[in-house]
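**Student:** got a sequence here, can you model it:
(2 chains)
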Amino acid sequence: MDEFIVISLIKVLVVFAVLMTTLAYLQWVERKVIAHIQVRPGPYRVGPHGLLQPLADVIKLITKEDLVPPYVNKPLYLAAPFLAITMALLSISVIPFGPTIEVAGHKTWMQLTDLNMGVLFVLAVSSMGVYGIALAGWSSNNKYALLGGLRSSAQMISYELPLSLTIAAPLLITNTLSLRELVEKQSGGIWNWNIIHGGQIVSFIVFLIAAFAETNRVPFDLPEAENELVAGFHTEYSSMKFASFFMAEYANMITVSCMATLLFLGGWVAPWPAEYGSSLVPAVIFALAGVIALYHAANAARSRDRKTFPVFGVVFLLIAVIFLLPMVQSWLVPLFWFCAKTGGILFTFMWIRGTLPRFRYDQLMGFTWKFLFPVAVLNLLVTSFVVALVS
Amino acid sequence: MDVILFLIFAVIAVVAAINVVVQTHPISSAISLVGVMGSLAILYLLLGAEFIAAAQVIVYAGAIMVLFIFVIMLLNAGAEVKKGQSTMALFLGLPLLAGLLLVMCWYLQGWFPAGTSVVFGGFQSAAANAAPLQAGGSAREVGMALFTRYLLPFEVTSILILIAIVGAIVLARKEME
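**Tutor:** Model prediction:
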């Protein structure tokens, strides 16, 4: 029992620290990605390639004046950001990142807790997340904030239907509600993943579209459409309260990307079995990155590249060597595949933000009720017929 | 541990339920109702009915109450002024409430013979004697019960809801014309 508590505490600390760092750097990555899509360098001043920009942003947000307007409904105004961030961070606790890990003789799962209804837990928590946004909009006593809150709650209720229906389809195939078992049933290779094995490509796409709307991202970011609503539901928030909404949005993005990975892309399962060399892929990728960095250090275009690029090259080569060590390979390689898949989906989020314009509000609602919802129902019906026929 | 958790969340549920009635502003009442739903879900969880708990949060706290709050926000309903309270209600209210509670207690006492007590995690501990994966509150068990023993009530309920939806649309149409 004591061992369980200690291990759980350590796991909570590790996951929390990693999640917070990821949240901060995800924003840097997003700014960089969008900048490069728009052919500009993006953050570049703070640290090399703007790498210390998240730190600067955190200092700015903490030291900013925390303003509470006199006309707000104070209890709800103060509770709303807490609600948003709590619900956003809570769902990460059931996400499994990899198989078992053994540290100093203690064997444990790379997951905070395995509920046998993990999928339902994520759904329940994410459905509670809308309160943060709706109450923020209402309690601000500001017409733009109210419109943002209204749009957000209507949008989230509407898109939750196709989202839940598309989650149900892979669950029918794997016949479990536990996220860990879900991944274990997809093990073997890419042909066993739900997206290929169950033919769930339609539900994967519908899930992604609904996830964009659930996280209020472009092209469905109507709740905070800056050119019509100032800043939408968080117009009246400043300093850390604004930061919590910001972090909640990114944490929700991470959660839905993890869910898509677990449900459709086989979680931490490699695309092909280890005996055909899939466990060498991360080492090869990092070694290639290291060699490229060293090559550019040798033929440096700028004088400072002669100093920075060798450092990056050596770091990448070291990481490549770590991936080859047999004692860490059993959990590091699955973790790599999980992060790679989740990162790929997160990149899609940014890519689409950089390329698509925003929907009109009636188009947004018509799209989900007249197109996404019927498609999701049809997909679920077909899947259940196939499952019933096969089993 | 179970008993402590039960007491905490039972008290939260009751206080929030009273708060629903006491609050003058509709949004505050609705938030209190969310609190009631949430603590009810935890009480279900304590009894081992995990699927019901999840459904409670997803359907009631997550969907229905969001709709409530959405409508309140849309209509921009303000705080209501308390008026027209009769003196009879003031004097008779408390004794009548106490009387009602006593009658309910008496009835409940009659249903359960002396000595029966609530078993926390009851479904699961009963299932531990039987077979694994047979926990009464799991999604599997609820689904089996719904689609075998209670199939007719289940289908009738869904038709009832469908009728309600069609009725709502018909009523809304009439007002628009």
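**Student:** spell out which residues of chain A are next to chain B.
**Tutor:** Proximity of chain A to chain B is confined to A:73, A:76, A:115-117, A:120-121, A:123-124, A:127-128, A:130-131, A:134-135, A:137-138, A:146, A:149-150, A:153-154, A:156-157, A:160, A:177 under the rule C-beta under 8 Å from any C-beta of the partner chain. Bear in mind the C-beta positions are built from the backbone N, C-alpha and C, glycine included.
**Student:** now which of the residues you listed would you call buried?
**Tutor:** Using 16 or more other C-beta atoms under 10 Å in any protein chain shown as the burial test, the residues of chain A next to chain B include A:73, A:76, A:115-117, A:120-121, A:123-124, A:127-128, A:130-131, A:134-135, A:137-138, A:146, A:149-150, A:153-154, A:156-157, A:160, A:177 as buried.
**Student:** state the pLDDT value of the closest residue to chain B within the stretch 151-300 of chain A.
**Tutor:** Residue of the stretch 151-300 of chain A nearest chain B, by C-beta to the nearest C-beta: residue A:153 (4.7 Å). Note on residue A:153: pLDDT of 80.
**Student:** confirm it sits in a helix?
**Tutor:** Yes: under DSSP: H, G, I helix; E, B strand; the rest coil, residue A:153 falls within a helix.
**Student:** might one say that residue A:201 is in contact with residue A:195?
**Tutor:** Yes: judged on C-beta atoms under 8 Å, residue A:201 makes contact with residue A:195 at a distance of 5.7 Å.
**Student:** just give the closest residue to the residue nearest to the spatial centre of chain A, not the sequence neighbours.
**Tutor:** Nearest residue to the geometric centre of chain A (C-alpha atoms, centre = their mean): residue A:254, 1.3 Å. Nearest residue to residue A:254, sequence neighbours excluded (C-beta to C-beta, 6 or more residues apart in numbering or on different chains): residue A:22, at 6.6 Å.
**Student:** which strands or helices does the strand or helix carrying that neighbour pack on?
**Tutor:** Using DSSP states H and E, residue A:22 maps to helix A:2-37. The contact analysis (3 or more C-beta pairs under 8 Å, 6 or more residues apart in numbering or on different chains; DSSP states H and E) places helix A:2-37 against helix A:53-63, strand A:106-110, helix A:239-264, helix A:326-355.
**Student:** quick one: the strand or helix carrying residue B:44 to chain centroid distance?
**Tutor:** With secondary structure defined by DSSP H and E, residue B:44 is part of helix B:26-46. Centre-to-centre, helix B:26-46 and its host chain are 8 Å apart (C-alpha atoms, centre = their mean, to the nearest Å).
**Student:** could you check which residue of chain B lies nearest chain A?
**Tutor:** residue B:62 (2.8 Å).
**Student:** show me what contacts that residue?
**Tutor:** Neighbouring residues of residue B:62 by C-beta atoms under 8 Å, 6 or more residues apart in numbering or on different chains: A:123, A:124, A:127, A:128, A:130, A:160.
**Student:** do residue A:271 as well
**Tutor:** Residue A:271 is in contact with A:189, A:190, A:278, A:337, counting by C-beta under 8 Å, 6+ apart.
**Student:** mind running it again at 10 Å?
**Tutor:** Neighbouring residues of residue A:271 by C-beta atoms under 10 Å, 6 or more residues apart in numbering or on different chains: A:189, A:190, A:191, A:193, A:265, A:278, A:281, A:337, A:340, A:341.
**Student:** what sits against the last one?
**Tutor:** Which is residue A:341. Applying C-beta under 10 Å, 6+ apart to residue A:341 gives the contacts A:193, A:257-258, A:260-262, A:264-269, A:271.
**Student:** mind putting these into JSON lines with distance to residue A:84 and pLDDT?
**Tutor:** Converted to JSON lines, those look like this (distance: C-beta to C-beta, whole Å; pLDDT from 0 to 100):
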{"residue": "A:193", "distance to residue A:84": "32", "pLDDT": "76"}
{"residue": "A:257", "distance to residue A:84": "18", "pLDDT": "90"}
{"residue": "A:258", "distance to residue A:84": "18", "pLDDT": "89"}
{"residue": "A:260", "distance to residue A:84": "21", "pLDDT": "88"}
{"residue": "A:261", "distance to residue A:84": "23", "pLDDT": "87"}
{"residue": "A:262", "distance to residue A:84": "23", "pLDDT": "86"}
{"residue": "A:264", "distance to residue A:84": "27", "pLDDT": "84"}
{"residue": "A:265", "distance to residue A:84": "27", "pLDDT": "83"}
{"residue": "A:266", "distance to residue A:84": "31", "pLDDT": "79"}
{"residue": "A:267", "distance to residue A:84": "27", "pLDDT": "77"}
{"residue": "A:268", "distance to residue A:84": "29", "pLDDT": "81"}
{"residue": "A:269", "distance to residue A:84": "33", "pLDDT": "78"}
{"residue": "A:271", "distance to residue A:84": "36", "pLDDT": "77"}
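**Student:** find the centremost residue of chain B, please.
**Tutor:** In chain B, the centroid-proximal residue (C-alpha atoms, centre = their mean) is residue B:37; its distance is 5.8 Å.
**Student:** that one contacts residue B:57, correct?
**Tutor:** Yes: between residue B:37 and residue B:57 there is a contact at 7.2 Å, judged by C-beta atoms under 10 Å.
**Student:** quick revisit: tell me what the helix holding residue B:44 is packed against?
**Tutor:** If contacts are counted by 3 or more C-beta pairs under 10 Å, 6 or more residues apart in numbering or on different chains; DSSP states H and E, helix B:26-46 sits against helix A:74-90, helix A:118-139, helix B:2-22, helix B:50-55, helix B:65-75.
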